[in-house]
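1. below is the sequence, then the predicted model.
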Amino acid sequence: MSENRLTRTRRAGGTRRAQVLEQVVEVLSERGYAATRFADVSQASGVAVSTLQGYFGSREDMLIEALQGATSGEVEALAELAAGFEDPWQQLVALVDRGLSTPVSTWRMLMEFWTAAAHDAELRAHAAALAEQYRQPFVEAVERGVESGSFSPRFEVTAVVDVVVATMDGLLYPLVLGHRASADLDYRDVVLAQLAFVLGTDA
């Protein structure tokens, strides 16, 4: 995924710097993009503000790098999960379950990421690339099902995937705001029933 890395300046720091980035993500998920300061990360990580400035340069670059790394990790985890299934329907079920069980802290971080991307052209381009990578395991599973004769889609594959991903993304604000629980099985059952219908499968 190196081709999708942001071009912002990277500074020295090695393993400790990587550990600090994990702390940045945690602070971001709690305080939000606008309210996260060097001082907050310093308190959470035990690393001096001057050291953080040496690692990252500006506050904005620190936050954007943390957001970029965390969201890339989510995409990579989804692709790894998809690779563990041969049956296309079971693969889709696993992908949907992964999406619907996204921890609230991760949803909150993604909300901050997308909000920041709306105001940053470079980050917005990265968000678009990540979105395509996130969709890819779904696309591949549906296409394999079509090729094997397991699926007979009622709509174009891209449209089916767009709706499934949008349905999962639609949970972001209700979950972050505490309006519903992430373990709502009725929601999952409806998503899978709709998916089975549009794919023309009795699975």
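-> Structure's in. What do you need?
2. burial of residue 144, as a residue count?
-> Residues near residue 144, counting by other CB atoms under 10 Å, number 18. Where you see a C-beta, it was placed from the backbone N, CA and C, and this is true even at glycine.
3. what's the spacing between it and residue 15?
-> 39 Å (CB to CB, to the nearest Å).
4. now do residue 170
-> Distance of residue 170 to residue 15, given as CB to CB: 38 Å.
5. which one's more surrounded, those two?
-> Set residue 170 next to residue 15 and count neighbours by other CB under 10 Å: residue 170 wins out with 11 against 7.
6. in terms of secondary structure, what does the host helix or strand of residue 23 contact?
-> According to DSSP states H and E, residue 23 maps onto helix 14-31. Counting contacts by 3 or more CB pairs under 8 Å, 6 or more residues apart in numbering; DSSP states H and E, helix 14-31 packs against helix 38-45, helix 49-56, helix 59-82, helix 104-117.
7. list the buried residues in it.
-> For helix 14-31, the buried set under the neighbour-count rule, 16 or more other CB atoms under 10 Å, comprises 17, 20, 21, 23, 24, 25, 26, 27, 28, 29.
8. and for stretch 134-143?
-> So for stretch 134-143, counting by 16+ other CB under 10 Å, buried means 134, 135, 137, 138, 139, 140, 141, 142.
9. what's the first helix or strand after the longest helix belonging to the chain?
-> Secondary structure of the chain per DSSP state H: the longest helix is helix 121-148. Next helix or strand after helix 121-148 toward the C-terminus (DSSP H and E): helix 157-169.
10. name the helices or strands packed onto that following helix?
-> On a contact count with 3+ CB pairs under 8 Å, 6+ apart, helix 157-169 meets helix 88-100, helix 121-148, helix 185-199.
11. mind putting those in CSV, distance to residue 60 and mean pLDDT included?
-> Shown next, in CSV, are the helices and strands packed on helix 157-169 (distance: least, CB to CB, whole Å; pLDDT from 0 to 100):
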stretch, distance to residue 60, mean pLDDT
helix 88-100, 29, 94
helix 121-148, 10, 92
helix 185-199, 36, 92
